[in-house]
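*Asks:* Compute the structure for the input listed below.
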Amino acid sequence: MPKKDNVIKEFEFTDEGRRFFCSVELPSQAGMKPWWWFRLDSGSSTRYAPFEASPSDTKQSVQERIIAYHAALLAIEARPVHQRPVWRKPEPAVPPVEIIPVTTS
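*Replies:* This is a model prediction of the structure:
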């Protein structure tokens, strides 16, 4: 188990041309454990918190998990959107019609 001084708090890496900035942050809620956060160097302010930080985390293990998480996000975004039909009020039920047989004499 790494010593407290050796636990990584933040780092950055590049994967497939995308630069990731990663850091451990303590949530503002009392009693919650720290989480790994990352953002991409894409000009967007969107950040992601995919998993809790652990004392046994290494740069390599965190990097692998973040890459897998981001790949899953990209796969979800690439799926076609399922278009649902526009909702409308159901038509009123038509009462059954009684069929009277025609007799010929």
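*Asks:* Dead centre of the chain: give me the residue that sits there.
*Replies:* By CA atoms, centre = their mean, the chain has its centre lying nearest to residue 73, at 5.7 Å.
*Asks:* Name the helix or strand for it, please.
*Replies:* Taking DSSP states H and E as the definition, residue 73 sits inside helix 59-78.
*Asks:* and what of residue 23?
*Replies:* Assigned by DSSP H and E, residue 23 belongs to strand 18-25.
*Asks:* And residue 44, how far from residue 60?
*Replies:* Look at residue 44 and residue 60: by CB to CB, to the nearest Å, they are 26 Å apart. Glycine gets a C-beta too; all of them are placed from N, C-alpha and C.
*Asks:* Low-confidence ranges, this structure, go.
*Replies:* Low-confidence segments of the chain, defined by pLDDT under 70: 1-7, 105.
*Asks:* how many neighbours does residue 39 have?
*Replies:* For residue 39, the neighbour count with other CB atoms under 10 Å is 16.
*Asks:* That one touches residue 47, doesn't it?
*Replies:* Yes. Applying CB atoms under 8 Å as the test, residue 39 and residue 47 come out as touching, 4.6 Å apart.
*Asks:* that older thread, direction included, what does the following helix or strand past the strand holding residue 23 pair up with?
*Replies:* Per DSSP H and E, the first helix or strand lying C-terminal to strand 18-25 is strand 35-40. Strands that pair with strand 35-40, judged by DSSP bridges, come out as strand 18-25 (antiparallel), strand 47-52 (antiparallel).
*Asks:* Residue 42: neighbour count?
*Replies:* 9.
*Asks:* Residue 93 now?
*Replies:* 6.
*Asks:* my guess is residue 35 contacts residue 23, does it?
*Replies:* No. Using CB under 8 Å, residue 35 makes no contact with residue 23, being 9.7 Å away.
*Asks:* Name the residues that touch the helix holding residue 73?
*Replies:* Residues outside helix 59-78 that contact it (CB atoms under 8 Å, 6 or more residues apart in numbering): 8, 11, 13, 15, 18, 20, 22, 36, 38, 40, 48, 50-51.
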